[in-house]
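Asks: Pasted the sequence and its predicted model underneath.
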Amino acid sequence: MTYFKDLSEYSYAHSEFHRPGTVNIGWLGPNADFNQMELDEGLLDIVWEYTKISVAQFRGLHDCEFCPPHTSNLAERNGEKRLLGAAEIRVFAKSGVIYAAPDLIFHYMSIHKYGPPEPFIAALKNGPRPSSKEYFERLSELGLTWTEKSALKSKPVRFRLVRTKDGLKKEIL
Ligand SMILES: [Zn+2]
């Protein structure tokens, strides 16, 4: 995944998802140091809630760069499973700042103890939550489309399409 410095201006390739005042959070890369913090279960519950609403869907699945390939995309909390690594989340601060983070931020915080900057933590705690009407009003005001992630029942199957003489065939990886 591409590395962006925390709080740098959001300018990811999905420019259609750029809105003024949007900054990057949690785009960790293998060669970049990041702050760590003690696990805060209450905060992780909040982050988990945000990962339910996907804002910018990627075309493929991104892996955590600190874990073995294909091991970081399935997350579980409170008995609920969710696929991470294919979308971004949005968090709104009272100040008007919009935070754009990969949904893998839940993985980074829960597994690698990533400690995001304080203003982002404050926005998580004090901003409108994805369970509120206000949250969706903010998304609509900004013209951001979103999808609600469905809970995963089992591990996602990875496959590639292979061309055979009978046409395209799914090959399970
Ligand atoms: Zn990882």
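Replies: All right, it came through fine. This one's a predicted model, so the numbers in the text were calculated from it and none came from an experiment. Residues are numbered from 1 along each chain as shown.
Asks: Quick check: residues of this structure near the ion?
Replies: Taking CB under 5 Å from the ion as the contact definition, the chain meets the ion at C64, F66, C67, S72. All C-beta atoms are positioned from the backbone trio N, CA, C, and that covers glycine.
Asks: Tell me which two of these sit farthest apart.
Replies: Maximum pairwise distance in the residues of the chain next to the ion, criterion CB to CB, is 8.2 Å, between F66 and S72.
Asks: Specify which residue of these two has the higher count of neighbours.
Replies: S72 (21 against 14; other CB atoms under 10 Å).
Asks: what are the phi and psi values for the most centrally placed residue in the chain?
Replies: Centroid check for the chain by CA atoms, centre = their mean gives D103 as the closest residue, at 1.1 Å. The phi/psi pair for D103 (degrees, to the nearest 10) reads phi -70, psi -10.
Asks: 18 is where my numbering starts, stick with that
Replies: New numbering, starting at 18: the last item is D120.
Asks: residues in contact with it?
Replies: By CB atoms under 8 Å, 6 or more residues apart in numbering, D120 lies in contact with Y67, T68, S71, L101, G102, A103, A104, E105, I106.
Asks: try I128
Replies: C81, C84, S89.
Asks: What about L101, how many residues nearby?
Replies: Counted with other CB under 10 Å, residues neighbouring L101 total 24.
Asks: same check, this time on N90
Replies: Using other CB under 10 Å, N90 has 23 other residues around it.
Asks: so what's the closest residue to it other than its chain neighbours up against?
Replies: Leaving out its chain neighbours, the residue that sits closest to N90 by CB to CB, 6 or more residues apart in numbering is G102, at 4.5 Å. Listed by CB under 8 Å, 6+ apart, the contact set of G102 reads F75, L78, H79, D80, C81, S89, N90, P119, D120, L121, H124.
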